[in-house]
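Trainee: got a sequence here, can you build the structure:
(chains A and B)
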Amino acid sequence: MSARPTARPVGHKPPFWRDRAKRALIFQVLVVAAVAVFLLYIVGNTQQNLAARGITTGFGFLDNTAGFGIVQSLIDYSSQSTYGRTFFVGLLNTLLVGGLGVLAATIIGFVVGIARLSPNWLIAKLAAAYIETFRNIPLLLQIFFWYFAVLRTLPGARDSMSLGEVIFLNVRGLYLPKPLFESGFGLIPAAFLVAIVASIALLVWNKRRHEATGKRLPAYWIALLLLIGLPLLVLLATGVPITWDVPALGGFNFRGGVTVIPEFLALWLALSIYTASFIAEIVRSGIQAISHGQTEAAQALSLPRNLILRLVVVPQAMRVIIPPLTSQYLNLIKNSSLATAIGYPDLVSVFAGTTLNQTGQAIEVIAMTMAVYLTISLTVSMFMNWFNARVALVER
Amino acid sequence: MIHNKTMIDQRPAPKSTIGPMAWLRGNLFNGPVNTLFTLVGLYVLYLLVVPTVQWAIIDANWVGTTREDCTREGACWVFVKARFTQFIYGLYPRSELWRANIVFVGFFALIAWLAIPRLPLKRWVAVFALVVFPVIAYVLLHGGHFGLPRVPTHRWGGLMLTLLLASVGMIGALPIGIVLALGRRSSMPIVKSFSVVFIEFWRGVPLITVLFMASVMLPLFLPSDLSVDRLIRALIGITLFQSAYMAEVIRGGLQAIPRGQDEAAAALGMTYWKRMGLIVMPQALKMMIPGIVNTFISLFKDTTLVMIIGLFDLLGIVQAALSDSRWLGFSLEGYVFAAFVFWIFCFSMSRYSQYLERRLNTGHKR
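Mentor: Okay, here's the model as predicted:
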């Protein structure tokens, strides 16, 4: 046996570079110092460069007149509006295409994802082909395809394609009839609200009754009937207080109705189709993650098929599906910034593009743009963390 | 041993479960709903495939050099043929293409060596590919040394630029990503919070704003006498962006290694860097490869965005060729070609990553 290590004399401290806590402290101080030096260097250079170019910093430019038009705007906007207003126009356009994209991508994605698991060989292979095709082609290329190769080659206004002479599609965009609400229409949203409240009450009552007596009504179907039927009933009772403003060809272009610009259509189509291919894979893996034993156990309890899906498979699959699903939604919203390549007036296009070029306020404009995306991302990931914590499996 | 001498003779499987007819019945026509689905699916397939084949192959124009040679109804592949060199090399001087070709061959040879499991010396080849080869590629492509004429970066383009952007972004992001991932898992609060802020910042913004920032703001950040090439600016942006995603992949790999490994190494008296470099990282890196390949696929697709700041990658050069007045109206052919090239690359990479995932499934997964 070797000699035992000699005991350290009492009161002797190791040198500070062998002390973990002190070493960590020194290292962190060094990191902070390095970052500070780097930031100071950048700030110094930036100030010099800005001074040399005669650019004044600050957000005062937001009150100046923008002087350029925007082809699609959800709020009142003219070329006399301020740069601050262009920011909001761009933001709303981003949210519009993002929101509608999320909706369409979810629907397509779930349908394709479930079809991918279909026992029908042909349907499963078609879904797989969809997924493998669209997810392996760059999104920008898909946007260009829809815009330049499809929508830009449509016929002109005079030879528009039409659906029942109310919906028209041509090179200038998609023309839809616009509902005009007459007096008395307010009752319909009210009826819808009543239906929502009644449905919730019904579901709660049904659940309580089920727990107390074991009896249950087909509450979801009744609720659905309420949600559709009640507003419809009110609509008919009040004599349908809607007229439709149908687009009509006048001169060289269509008048009336709602115009969906081709830039929006191309971006929306490409975003939905591209993201749906990822969502489909998420849905597939989520459903496959539920072991077959779960279904079999539920069958052994003689639960009917719809209840097995609703009470056993879907809640567990959702736990797997929702986190990657939200990150796909975030990707979709971030990817909507590709709008700038085809000139859809989103935030990056009108604000980080046109406004930046006109004002030269690079730092402020890029910072504001990034802040918007960061806010959206962080909000959604905060929601996701909350959700994960709520649905996480409690392991014993 | 039990010998059962009284076995009855084997009988063939029932007719209804074997053969193509049974397969059809079992997979396509079991029940009225499935039959309906199959018929609808067949109709959709018919609507998609027949016109596509007609356009792309049967009625297509394959021979010729100018647009006048495209006389038939279908696709005009003459356009792609005439522009092929540009699509691959951009505006790289024709007399110097051999340099680009050497880099291409070396690039694919290295990738093949690393990807095929049987080939030996993986570690040395990887070091060569990550450290030495980029230098060789730069010297060859850029020139200016050893009697090679200089080729300025604005003449680089096409598929070459796409591969270059993706690979350099990847190789540059790897070390930064490792540092960030270790930082995020560190117990030092300041280091940890810096890493978290850095990662979440780059992951929270779209690549296009990063590229705008790189092209507009980077010149402001640097001394005014230092001008940075446009390609380098794009590369800096892509690398920073990619490093955040890489850090998350690496963190995932690190988390998959049981704590006991690190603790056992610490019990043997290893220092932090030895523990990480000899025990944790080698195990974690292996598990990360599928994730790394997946981020590489998204990076590869995302490089198309550089055309927005004026670089001519594969999509950029196709887009530029479409506005050539001699070849107007062939956008479909151009996009289909570009899509096909991207698809081949991405699809084979994703298949490879799936194959790796199966192969590397060595029991770490719970």
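Trainee: quick one, helices of the stretch 201-350 of chain A?
Mentor: Per DSSP state H, counting those that start in this stretch, the stretch 201-350 of chain A carries helices over the ranges A:219-237, A:262-288, A:292-300, A:305-307, A:314-335.
Trainee: which stretch among these comes nearest chain B?
Mentor: Checking those against chain B by C-beta to the nearest C-beta gives helix A:314-335 as the closest, at 3.9 Å. Every C-beta, even on glycine, is put in place using the N, C-alpha and C of the backbone.
Trainee: I'd like to know which elements the closest one is packed against.
Mentor: Using 3 or more C-beta pairs under 8 Å, 6 or more residues apart in numbering or on different chains; DSSP states H and E, the elements in contact with helix A:314-335 are helix A:83-116, helix A:262-288, helix A:362-391.
Trainee: helix or strand right after that helix?
Mentor: helix A:356-359 (DSSP states H and E).
Trainee: how about that next one and chain B, any contact?
Mentor: Yes: interface with chain B: helix A:356-359 contributes residue A:356 (C-beta under 8 Å from any C-beta of the partner chain).
Trainee: show me what that helix is packed against.
Mentor: helix A:362-391.
Trainee: let's verify residue A:174: helix, strand, or coil?
Mentor: Recorded secondary structure, residue A:174: strand (DSSP: H, G, I helix; E, B strand; the rest coil).
Trainee: need the contact list for the residue nearest to it when sequence neighbours are not counted.
Mentor: Closest residue in space to residue A:174, ignoring its immediate chain neighbours: residue A:260 at 4.1 Å, by C-beta to C-beta, 6 or more residues apart in numbering or on different chains. By C-beta atoms under 8 Å, 6 or more residues apart in numbering or on different chains, the contact list for residue A:260 reads A:173, A:174, A:175, A:176.
Trainee: what number of residues lie near the closest residue to residue B:27 other than its chain neighbours?
Mentor: Leaving aside its chain neighbours, residue B:27 sits nearest to residue A:121 (3.9 Å; criterion: C-beta to C-beta, 6+ apart). Residues lying near residue A:121 (other C-beta atoms under 10 Å in any protein chain shown) number 16.
Trainee: isn't residue A:121 up against residue B:30?
Mentor: No: using C-beta atoms under 8 Å, residue A:121 is not in contact with residue B:30, being 10.5 Å away.
Trainee: any figure for the gap between residue A:100 and chain B?
Mentor: 18 Å (C-beta to the nearest C-beta, to the nearest Å).
Trainee: for the residue nearest to that residue when sequence neighbours are not counted, give me its contacts.
Mentor: Excluding the flanking residues, the one nearest residue A:100 by C-beta to C-beta, 6+ apart is residue A:268, at 5.8 Å. Residues counted as contacts of residue A:268 (C-beta under 8 Å, 6+ apart) are A:97, A:100, A:101, A:104.
Trainee: what about the last one, how many residues nearby?
Mentor: Applying other C-beta under 10 Å, we find 18 other residues in the vicinity of residue A:104.
Trainee: how about the first one?
Mentor: Here the count is done by other C-beta under 10 Å, and residue A:97 has 24 residues near it.
Trainee: can you read off the pLDDT for it?
Mentor: pLDDT for residue A:97: 92.
Trainee: hmm, it is touching residue A:346, no?
Mentor: Yes: in this structure, residue A:97 is within contact of residue A:346 by C-beta under 8 Å, at 6.6 Å.
Trainee: what do those two both touch?
Mentor: Contact criterion C-beta under 8 Å, 6+ apart; residues shared by residue A:97 and residue A:346: A:336, A:339.
Trainee: any idea which helix or strand comes after the one helix or strand residue B:245 maps to?
Mentor: For residue B:245, the enclosing helix or strand under DSSP H and E is helix B:230-256. Sequence-wise, the next helix or strand downstream of helix B:230-256 (DSSP H and E) is helix B:259-267.
Trainee: that next one close to chain A?
Mentor: No: Helix B:259-267 stays clear of chain A (C-beta under 8 Å from any C-beta), getting no nearer than 11.5 Å.
Trainee: what's the burial count for the residue in the stretch 1-150 of chain B that chain A sits nearest to?
Mentor: Using C-beta to the nearest C-beta, the closest approach of the stretch 1-150 of chain B to chain A is made by residue B:27 at 3.9 Å. By other C-beta under 10 Å, 17 other residues sit near residue B:27.
Trainee: kindly report the same for the one 10 residues further on.
Mentor: Residue B:37 has 20 neighbours, counted by other C-beta under 10 Å.
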